[in-house]
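Engineer: next comes the sequence, and after it the predicted model I'd like to discuss.
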Amino acid sequence: MADKIKSPLGLYLHFPFCVRKCRYCDFLSFPSDEAGREAYLQRLKKEIMVRGEKYKDYNIETLFIGGGTPSLMTGQQLTELLDTVRAAFHVSSSGEWTMECNPGTTDAETLKIYRAAGINRLSFGLQSMNDEELKYLGRIHTAKQFMDNYRAARSAGFENINIDLMSALPGQTTSSWLETLNQAADLEPEHLSAYSLIIEEGTPFWKLYGDDTRDQEDKDSEEAEGELALKEKAAILALPDEDSEREMYHLTKRILAERGYERYEVSNYAREGFECRHNLIYWQRKDYLGLGLGAASMVGDRRFSNTSDITRYMHDFSYCQEEILDRKAQIEETMFLGLRCTQGVSDRYFKEQFGESMMHIYGDIIRQYISEGFLIYNEEKDRLAFTEAGMDVSNWILSDFLL
């Protein structure tokens, strides 16, 4: 009897530890000592084994280890972690296994061990090639340390590398952004992610650049916590104005296109064949399983996530949030996520999922934005997608796809 065909699944593992929290970061991450990291990894391996039994009918096609700073793991720790994944799950022999790697937290020998353990794609959190910008962001590395790590990764055999970049930084000019962009592209990575800085509530940058309606008690507390010197410097390192930010955005598209990178999602660019397969799972609403502190999952019409409380996780990793997505939510997510990608949404796929065409549900909205030049429907490819003009204002347009 032939083996049952297993359903594809993306697997995410969260490593929440970092050396130091960056000033813009609102991710679930925090510093820890070696003992704390080891205890957490033992707990994560136990969760992997438990979940593997439940999802034995799935085939792991992509693995993504994010954080935090996963490259704080030793080579032995990572090897044991991946061995646990292989023991617990059915794993594709041609899978994409990505690991986030922060410059300054690894070395040539450890990178060789990572590669031998099965990681075949690295994602370097560079952000900027300007040391002053890096320092102000709170990054722990310099541009030279990144270059050293990048070259070591190539020497270790990594043939699929992403570099994360960030524009619209405090004090950044279009000229300094162009230097970062060109220097990163000169390295010929297979993938580049270029995000614009967002000032998130609860971060140190929010205290400096965020909502100015905070009461005086909050501001006094902020200064008492040692942020005064940074606040004074912020008066000099102002955020780029809207025109400069827009120019950086357009420079990114133009420069990377000239360098042979195709934009396949709002902020992601790749050489042909090197699109991030794991992220495409999210954007195409395919099944994914998240393990570790605060990790989120979506399998079928069910969304669930682990606790974000480290103390609770270390004693109980039962799900803290679960919901069944109704038809309305699934339709909205299909449009919101699918239109983020340049290939857009297939009407044939939409009909298969929901029994109706996009035009039947969204006809007036689609016709309006096609007439205004923001959307285009390619009948040959069966795809509704944003035009370049539409992608530029996608966040504004997507709100109209709420039912």
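Structural biologist: Noted; the coordinates are in hand. Numbers count the residues shown, from 1 in each chain.

Engineer: top helix in this protein by residue count?
Structural biologist: Ordering each helix of the chain by length in residues (DSSP state H) puts helix 34-54 first.

Engineer: distance of residue 27 relative to residue 269?
Structural biologist: To residue 269, residue 27 is 22 Å away according to Cβ to Cβ, to the nearest Å. For the C-beta atoms, the positions are set from N, CA and C on the backbone; glycine is no exception.

Engineer: before we move on, what about residue 160?
Structural biologist: On the measure of Cβ to Cβ, residue 160 and residue 269 end up 14 Å apart.

Engineer: next: residue 49.
Structural biologist: 37 Å.

Engineer: of the two, which one has the most company?
Structural biologist: residue 269 (26 against 14; other Cβ atoms under 10 Å).

Engineer: secondary structure element holding the more buried one?
Structural biologist: strand 268-270 (DSSP states H and E).

Engineer: so which elements touch that strand?
Structural biologist: Other elements packing on strand 268-270 under the criterion 3 or more Cβ pairs under 8 Å, 6 or more residues apart in numbering; DSSP states H and E are strand 191-196, strand 262-265.

Engineer: after the longest one, next one along is what?
Structural biologist: The one in question is strand 191-196. helix 204-209.

Engineer: please save the CA atoms from that following helix in PDB.
Structural biologist: This file holds the C-alpha atoms of helix 204-209, laid out as PDB (Å, rounded to 0.1, in the frame of the first residue of the first chain):
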ATOM      1  CA  PRO A 204      12.800  53.400  23.500                       C
ATOM      2  CA  PHE A 205      12.300  55.100  20.200                       C
ATOM      3  CA  TRP A 206       8.600  55.600  21.000                       C
ATOM      4  CA  LYS A 207       9.700  57.700  24.000                       C
ATOM      5  CA  LEU A 208      11.700  59.900  21.700                       C
ATOM      6  CA  TYR A 209       9.700  60.000  18.500                       C
END
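
Engineer: who are the packing partners of that helix?
Structural biologist: With contacts defined as 3+ Cβ pairs under 8 Å, 6+ apart, the packing partners of helix 204-209 are helix 228-234.

Engineer: tell me the mean pLDDT over the helix it packs on?
Structural biologist: The predicted model assigns helix 228-234 a mean pLDDT of 55.

Engineer: now the helix or strand harbouring residue 135: average pLDDT?
Structural biologist: Following DSSP H and E, one finds residue 135 within helix 131-137. For helix 131-137, mean pLDDT rounds to 95.

Engineer: out of the helices and strands packed on strand 268-270, which is the most enclosed?
Structural biologist: Compared across those, strand 191-196 shows the largest average neighbour count, a mean of 20 (mean count of other Cβ atoms under 10 Å).

Engineer: contacts for it, please.
Structural biologist: 123, 160-168, 181, 184-185, 245, 248-249, 252, 256, 261, 267-271, 274-276 (Cβ atoms under 8 Å, 6 or more residues apart in numbering).

Engineer: show me the domain layout of the protein.
Structural biologist: 7-282, 328-403 (automatic domain parsing).

Engineer: so which of the ones you listed gets nearest residue 309?
Structural biologist: Set against residue 309 and scored by Cβ to Cβ, the domains of the chain come closest in domain 7-282, at 10.3 Å.

Engineer: ok so, going back, which helices and strands sit right next to the following helix or strand past the longest helix of the chain?
Structural biologist: Downstream of helix 34-54, the first helix or strand assigned by DSSP H and E is strand 58-67. Applying 3+ Cβ pairs under 8 Å, 6+ apart, one finds that strand 58-67 contacts strand 7-15, helix 75-88, strand 90-101, helix 277-283.

Engineer: what is the burial count for residue 47?
Structural biologist: Counted with other Cβ under 10 Å, residue 47 comes out at 19.

Engineer: which residues in the stretch 251-400 of the chain form strands?
Structural biologist: 262-265, 268-270, 288-291, 296-299, 302-305, 321-324, 345-346, 375-378, 383-386 (DSSP state E, counting those that start in this stretch).

Engineer: now these as TSV including distance to residue 361?
Structural biologist: Supplementary listing: these in TSV, determined by distance: least, Cβ to Cβ, whole Å:
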stretch	distance to residue 361
strand 262-265	24
strand 268-270	28
strand 288-291	25
strand 296-299	21
strand 302-305	22
strand 321-324	21
strand 345-346	12
strand 375-378	14
strand 383-386	12
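
Engineer: ok so, going back, want to try CSV for the helices and strands packed on strand 268-270, with distance to residue 43 and mean pLDDT as columns?
Structural biologist: Shown next, in CSV, are the helices and strands packed on strand 268-270 (distance: least, Cβ to Cβ, whole Å; pLDDT from 0 to 100):
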stretch, distance to residue 43, mean pLDDT
strand 191-196, 30, 97
strand 262-265, 33, 97
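
Engineer: need the ones you listed in a markdown table with distance to residue 400, can you?
Structural biologist: Shown next, in a markdown table, are these (distance: least, Cβ to Cβ, whole Å):
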| stretch | distance to residue 400 |
| --- | --- |
| strand 191-196 | 22 |
| strand 262-265 | 20 |
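
Engineer: apart from its chain neighbours, what residue comes closest to residue 88?
Structural biologist: Closest residue in space to residue 88, ignoring its immediate chain neighbours: residue 52 at 2.7 Å, by Cβ to Cβ, 6 or more residues apart in numbering.

Engineer: per-residue pLDDT, the one you found?
Structural biologist: 96.

Engineer: change the start of the numbering to 457 and stick with it
Structural biologist: Got it, the first residue is 457 from now on, which makes the last one we talked about residue 508.
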